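Next comes the sequence, and after it the predicted model I'd like to discuss.
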Amino acid sequence: MISPIRFFLCLVFLSSVSTLSSASVTDLLLPGKVIEGHVKWETDCDQCHKTFEKDAQSTLCKDCHKEIRKDVDYKQGYHGMMKEEKSCNGCHTDHKGRDENIVIFDEDDFDHKQTDFVLKGGHLDSDVECNDCHAADKKYREAPDTCYACHKEDDEHKGELGKKCESCHQEKNWKTIKFDHDMTDFILLDKHIEVKCTGCHIDEQYEGTPKECVACHKKEDKKAHKEKFGKKCETCHDAKSWEDYFFDHKKETKFPLRGKHRPPLECTECHKGYIYKENLKTTCVSCHKKDDKKAHKGKFGTKCETCHVESDWKKIPFDHDKTDFQLLGKHRPPLECTECHKGTLYKEELKTDCYSCHKKDDEHKGQEGKKCESCHDEKSWDKTSWDHRLSTYPLTGKHLLTPCKDCHAAPTYKDAKTDCWSCHEEDDEHKRRLGTKCETCHNTRDWVGWDFDHNKTDFKLDGKHNEIKCVECHKSPAGKSLSLAVSCVSCHDKDDMHDGAYGDQCDRCHVGKSWKTIKAGSKRWINL
């Protein structure tokens, strides 16, 4: 129920209102001045408001803004495509002053997908501004929606091809053409697809364009074939590549092309005259006489195909294994035939023993005999197949990777010493303090590592003793350094902070792991 005070105030207000003019009443009830566009209806509230029917306001708005009503009814445009239907005053308020902008619109966050014109391709580029399409003195809805309306100045065809730019062009790139040439009498294939329209249609002339290859490619034909191959280019060429051809030489002629005879070998390398008139020879030497003279000087006969093939002139498929001398290792190509065959191929008689060819390579100067194959093989002259296990010094560890000459200074091989010291004197970091029998501690696997087990001596290493170098204890020359005193005090006399007060048996309290660590129960020794 309304309170008595509030009811009394209403009566006072109504009585005072009755004494005012209708205009004054309107001014009194007006929440604020309307925008400039609504001024003529400012005193006529019924134009925008319906008494006691707040929801009817949007209907009244659309009665004036008929284009908005049309968009909503047909579900088109921004207002018609809104996901949620809102009242007009939910976005557009009024009574806030003459200069107030009641169209709340943020160009940066606006989603153009909510309109009938979805931005695609080049329209999405960051350099495209809203005012490029939307004129400042017009509404957003009045922006043109056809290509030609905006791109008339870009029309290189000067209107001769009509105004439906989208028939050929697309939004992604104005220069990209999507016209379906398959709908014409000349279907575009391969390289023709990449050619600009003006490449064939000179001066925008689309009627009467010639379809024969030679009509467009006469210059290429004259340059490549000098007009000796006729005018039917399509006999050999297609639209994929002018430089490639598909002429079936095997089917159309008696000379199948194989290997190097195939493209990119030019036709004119063999066909130097008019292609339909000349009669070429098919023997190898008829074309490769110069190559034979340069390589073999005519000593290997004229049947080139006995050794050579079309895949590569330098590759020799001749099977030497069918002769008395099988080719192995370095004797195989790329070793040239002429390295061994220096005379006429079919007349000379070559020796097959190693020494006859490799006498100059014998570093032993004949001291090891002439049977090179006893140690060497065809894989590598520097590597030997000699089994060192058959000698008095079998090779192990790093010695297996050591070149022979590192140990065998003389080519006789018989005078090499077998003790470590004779080769590794310079590597001895102990300077003979540990003797010259390196093998006592070291092995052939790794010079830095050693196999000596100190725990097998009278003094087992533990704790910090495992971390120190041998020479920290073994400081005397060889012969004396291997017999050291094993008592702690013999090395740690200077470390005795007790000045001998607790005797010389340090190990009763201390351990090898850490000098500062004291054994449990050691205090009883101190109390004694």
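Arrived safely.

What is the least confident helix or strand in the protein?
Lowest on mean pLDDT, DSSP states H and E among the helices and strands of the chain sits helix 4-17, with a mean of 52.

how near is Glu348 to Pro210?
66 Å (C-beta to C-beta, to the nearest Å). In short, each C-beta sits where N, CA and C put it, glycine included.

actually Lys62, sorry about that
In terms of C-beta to C-beta, Lys62 sits 62 Å off from Pro210.

And Lys289, by the same measure?
From Lys289 to Pro210 the distance is 45 Å (C-beta to C-beta).

Same check on Ala501?
From Ala501 over to Pro210 (counting by C-beta to C-beta), the distance is 121 Å.

now do Thr444
Thr444 is 85 Å from Pro210, by C-beta to C-beta.

Have a look at these two and say which one is more surrounded.
Thr444 (14 against 10; other C-beta atoms under 10 Å).

where in the stretch 401-528 of the chain is pLDDT low?
Applying pLDDT under 70 to the stretch 401-528 of the chain flags residues 477-483, 521-528.

make it 50
481 (pLDDT under 50).

How about the chain?
12, 17-22, 481.

how's it carved up into domains?
In the assignment given by automatic domain parsing, the structural domains of the chain cover 4-138, 284-384.

Can you add distance to His510 and mean neighbour count and give those back as a markdown table?
Listed next are the domains of the chain as a markdown table, based on distance: least, C-beta to C-beta, whole Å; neighbours: other C-beta atoms under 10 Å:
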| stretch | distance to His510 | mean neighbour count |
| --- | --- | --- |
| domain 4-138 | 79 | 12 |
| domain 284-384 | 58 | 13 |
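
And those: which comes nearest Ile518?
domain 284-384 (62.4 Å; C-beta to C-beta).

so how far is the closest one from its chain's centroid?
44 Å (C-alpha atoms, centre = their mean, to the nearest Å).

And that domain, end to end?
End-to-end distance of domain 284-384 (C-alpha to C-alpha, to the nearest Å): 43 Å.

Just the helices from the stretch 201-350 of the chain, written as ranges.
213-224, 249-252, 284-295 (DSSP state H, counting those that start in this stretch).

I figured Gly230 hits Ile275, correct?
Yes: counting by C-beta atoms under 8 Å, Gly230 touches Ile275, with 7.4 Å between them.

Could you pull up the contacting residues of the residue nearest to His288 when sequence neighbours are not counted?
Spatial nearest neighbour of His288, chain neighbours left out: Cys304 (6.2 Å); criterion: C-beta to C-beta, 6 or more residues apart in numbering. The contact partners of Cys304, by C-beta atoms under 8 Å, 6 or more residues apart in numbering, come to 284-285, 288, 292.

returning to that earlier point: columns distance to Cys270 on top of the helices of the stretch 201-350 of the chain, output as a markdown table?
As requested, these are exported to a markdown table (distance: least, C-beta to C-beta, whole Å):
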| stretch | distance to Cys270 |
| --- | --- |
| helix 213-224 | 14 |
| helix 249-252 | 10 |
| helix 284-295 | 7 |
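
Can you classify Ser58 by secondary structure?
Classification of Ser58 by DSSP: H, G, I helix; E, B strand; the rest coil places it in helix.

Now do the contacts for the closest residue to Glu439 other than its chain neighbours.
Distance criterion C-beta to C-beta, 6+ apart; nearest residue to Glu439, sequence neighbours excluded, is Cys420 at 5.6 Å. Residues in contact with Cys420 (C-beta under 8 Å, 6+ apart) are 436-439, 442.

Which residue comes closest to Pro210 once chain neighbours are left out?
Closest residue in space to Pro210, ignoring its immediate chain neighbours: Cys216 at 7.1 Å, by C-beta to C-beta, 6+ apart.

and that neighbour, how far is that from His237?
12 Å.

Please apply the same query to Lys417.
Noted for Lys417: a distance of 77 Å to His237, by C-beta to C-beta.
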